[in-house]
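Sequence plus predicted model, see below.
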Amino acid sequence: MHHRRYGDPVPELPEVETVRRGLEPRLVGRRLVEAWSHPSAKFSAAPEAVGRVVDAVGRRGKYLLVELDDRLTLVIHLGMTGQLRVAPPADADPHDRAWWDLDDGNRFSFRDIRRFGRIAVVGDDRSALPTLAALGPEPFDPSFTAEHLWRSLRASRARLKTQLLSQRPVAGVGNIYADEALWLAGVNPAARSISRPAAARLRDAIVAVLDAGVANGGTTLRDYRTVDGGTGDNQHHLACYGRAGEPCERCGTELRRRTIDARTTTWCPRCQRR
DNA sequence: GGCTGGCCCTGTACGC
DNA sequence: TGCGTACAGGGCCAGC
């Protein structure tokens, strides 16, 4: 019954938002007094935030935006296996990639087994993070309308799932929630065009699955953790992702699996016809 | 200028 | 049992 052996859990919008909510009360108002970073260029910017005070903890898509004084932003992307904690300093963990000591004695630490995460300190210019700079609207923002999604998807000939993962039509959707939303909307992930009504269904489905993900505290399949080390609950509410070989909850047809642009994709061949 | 594919990393599953 | 190997994936970038 374990068909989910492929793939790893990837922090997407609901997971990053859950982490953001956990960090906010622990970081706002604190000064970063010391830092350490792994030598990789992906993490070496961490010490640039030393001396700054945290004004706010925000999020855009899957990017965590720790707003500092002096118009600086500490940008953290969790990659695939990134975890953030705020706790008293502890013994070094071999997977620690950066940490910042706070003026209240706690340590804000970033642990990332596979090192797909990234840390940057930026001002107004975010061109060093091109995906962030070109990010589509937040899914819960009023500007994310059916009309916007339809026009955005119509402007490209890439497969619909590829477009969703590009972060340009909408911010924050990754492999899990893309499969869930496409299934819920009855849209084929490999198609290269979409009708207006289908785009409207897809828009509603994206909002619905992300909203449920946030409400459930994110999806923990392996590595994702909340700031206090807890797990999410949304893994018990997935209808499509990781269920290849199981019957579709809607029509009973066996869900299929294929690869789209190097990403594992699960879909229902009946509900999601081209 | 859009799109495709390679790359980064490491734990895990799998096969002999 | 133990070892070698394939595999997965978000974002970035080179090259068509």
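Yep, it's here.

so which strand or helix has the nearest residue to residue A:57 once chain neighbours are set aside?
When the adjacent residues along the chain are set aside, residue A:57 lies closest to residue A:24, with 4.4 Å between them (CB to CB, 6 or more residues apart in numbering). Where you see a C-beta, it was placed from the backbone N, CA and C, and this is true even at glycine. Secondary structure assigned from DSSP states H and E places residue A:24 in helix A:13-27.

So, low pLDDT: which residues of the stretch 101-250 of chain A?
Across the stretch 101-250 of chain A, the stretches falling below the confidence threshold (pLDDT under 70) are A:221-222.

what's the neighbour count on the residue in it positioned nearest to DNA strand B?
Here the stretch 101-250 of chain A gets closest to DNA strand B at one residue, residue A:156, 3.4 Å apart by CB to the nearest atom of the strand. The number of residues packed around residue A:156, counting by other CB atoms under 10 Å, is 15.

returning to that earlier point: how about the helix or strand following the helix holding residue A:24 and DNA strand B, any contact?
Taking DSSP H and E as the definition, the helix or strand that follows helix A:13-27 towards the C-terminus is strand A:32-37. No. Using CB under 7 Å from any atom of the strand, strand A:32-37 never reaches DNA strand B; the gap is at least 13.4 Å.

buried stuff in strand A:32-37?
The neighbour-count check on strand A:32-37 (16 or more other CB atoms under 10 Å) flags A:32, A:35, A:36, A:37 as buried.

Pull the contacting residues for the last one.
Okay, so that is residue A:37. Residues in contact with residue A:37 (CB atoms under 8 Å, 6 or more residues apart in numbering) are A:43, A:44, A:45, A:46, A:47, A:97, A:98, A:119.

Next one: it from DNA strand C, what distance?
If you measure residue A:37 against DNA strand C using CB to the nearest atom of the strand, to the nearest Å, the figure is 17 Å.

Please name the spatially closest residue to that residue (chain neighbours excluded).
For residue A:37, the nearest residue in space outside its immediate sequence neighbours is residue A:46; the separation is 3.9 Å by CB to CB, 6+ apart.

quick one on the thing from earlier: just put the buried residues of strand A:32-37 in TSV and tack on pLDDT.
Supplementary listing: the buried residues of strand A:32-37 in TSV, determined by pLDDT from 0 to 100:
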residue	pLDDT
A:32	98
A:35	97
A:36	96
A:37	96
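
closest to DNA strand C among the residues you listed?
The shortest gap between DNA strand C and any of the buried residues of strand A:32-37 belongs to residue A:37, at 17.4 Å (CB to the nearest atom of the strand).

Where do the helices of the stretch 51-200 of chain A begin and end?
Read by DSSP state H, counting those that start in this stretch, the stretch 51-200 of chain A holds these helices, from start to end of the chain: A:130-133, A:146-154, A:160-165, A:175-185, A:196-215.

Of the ones you listed, which is nearest DNA strand C?
Shortest separation from DNA strand C across the helices of the stretch 51-200 of chain A is recorded for helix A:130-133, at 2.7 Å, computed as CB to the nearest atom of the strand.

ok, is that closest one in contact with DNA strand C or not?
Yes. Contact of helix A:130-133 with DNA strand C is found when judged by CB under 7 Å from any atom of the strand, involving A:130, A:131, A:132.

Save the residues you listed as a markdown table, and put in distance to DNA strand B too.
A markdown table is the format used below for the residues of helix A:130-133 next to DNA strand C (distance: CB to the nearest atom of the strand, whole Å):
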| residue | distance to DNA strand B |
| --- | --- |
| A:130 | 11 |
| A:131 | 11 |
| A:132 | 16 |
